[in-house]
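Asker: Here is a sequence with its predicted model. Questions after.
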Amino acid sequence: MGSWKQDCWIQVEIMTFEDELDAILAKGKEKAAEDILKAVEGTYGEVPYVFHFMKDRPEILLTKILHINAVLRSSTLDMKTIELIYIAVSAAIRCSHCLKLHIRIASNLGVPDDQIAAAIFLAGNLVNASVLATAARHLDEEAGICRACEMGSEPCEIHREGSRQQ
């Protein structure tokens, strides 16, 4: 049988992969999917939107849950850290449903508000850097500028390869 993990994301009991498969086979995919959704709602008070969307497609829902559980089982990170990562990624990709859900879960796990805010600010820094770097590269390309070539004493790898082929 699996081990109990009080703060896991999908189920209170993290079963082994084999036990999860056995449970699905014993119940059938429809009943297994229904039970998983009830367990998620019982643990977190709600079912994430994407799981609702998948409920009429039990094979997709079950494989999604199996994948999430496999990642969680193999992780050496604690659930508070995992939730902070979920929050940062949700903020970065602008998934408001994801962000609200994971902030609630993190709060329920005892993650302090200042750590949640830090995860959001860090995500914002990365998004900002990505926007600036992408835009700056496009501007440089239009102007025929290669900052990598300017920084070094030789042409950059891309331009060095281009000069060899000519």
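Answerer: On my side now, so go ahead.
Asker: CA atoms for contacts and neighbours, from now on please.
Answerer: Fine.
Asker: Can you tell me the centre-most residue of this structure?
Answerer: What sits nearest the mean C-alpha location of the chain, by C-alpha atoms, centre = their mean, is residue 86, with 5.2 Å.
Asker: pLDDT score assigned to it?
Answerer: Model confidence at residue 86, expressed as pLDDT, equals 96.
Asker: which residues touch it?
Answerer: Taking C-alpha atoms under 8 Å, 6 or more residues apart in numbering, we find residue 86 in contact with 99, 102.
Asker: Tell me the first helix or strand C-terminal of the helix or strand where it lies.
Answerer: According to DSSP states H and E, residue 86 maps onto helix 79-92. Next along the chain after helix 79-92, taking DSSP H and E as the criterion, comes helix 96-108.
Asker: What residues does the spatially closest residue to residue 115 that is not a sequence neighbour make contact with?
Answerer: In space, residue 115 comes closest to residue 84 once its chain neighbours are excluded; the distance is 7.7 Å by C-alpha to C-alpha, 6 or more residues apart in numbering. By C-alpha under 8 Å, 6+ apart, residue 84 lies in contact with 102, 106, 115-116, 119.
Asker: Tabulate these (a markdown table), appending pLDDT, neighbour count and distance to residue 40.
Answerer: Converted to a markdown table, those look like this (pLDDT from 0 to 100; neighbours: other C-alpha atoms under 10 Å; distance: C-alpha to C-alpha, whole Å):
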| residue | pLDDT | neighbour count | distance to residue 40 |
| --- | --- | --- | --- |
| 102 | 94 | 23 | 13 |
| 106 | 95 | 23 | 15 |
| 115 | 99 | 14 | 25 |
| 116 | 99 | 19 | 22 |
| 119 | 98 | 21 | 24 |
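Asker: Which members of those are the farthest-apart pair?
Answerer: Greatest spacing in the contacts of residue 84, by C-alpha to C-alpha: 102 and 115 (12.9 Å).
Asker: Pass me the low-pLDDT residue ranges in the chain, would you?
Answerer: For the chain, applying pLDDT under 70 flags the ranges 1-14, 161-166.
Asker: max-length helix in it?
Answerer: helix 113-143 (DSSP state H).
Asker: what does the helix or strand just after it rub up against?
Answerer: Later in the chain than helix 113-143, the nearest helix or strand by DSSP H and E is helix 147-151. The contact list for helix 147-151, computed with C-alpha under 8 Å, 6+ apart, reads 140, 155-156, 159.
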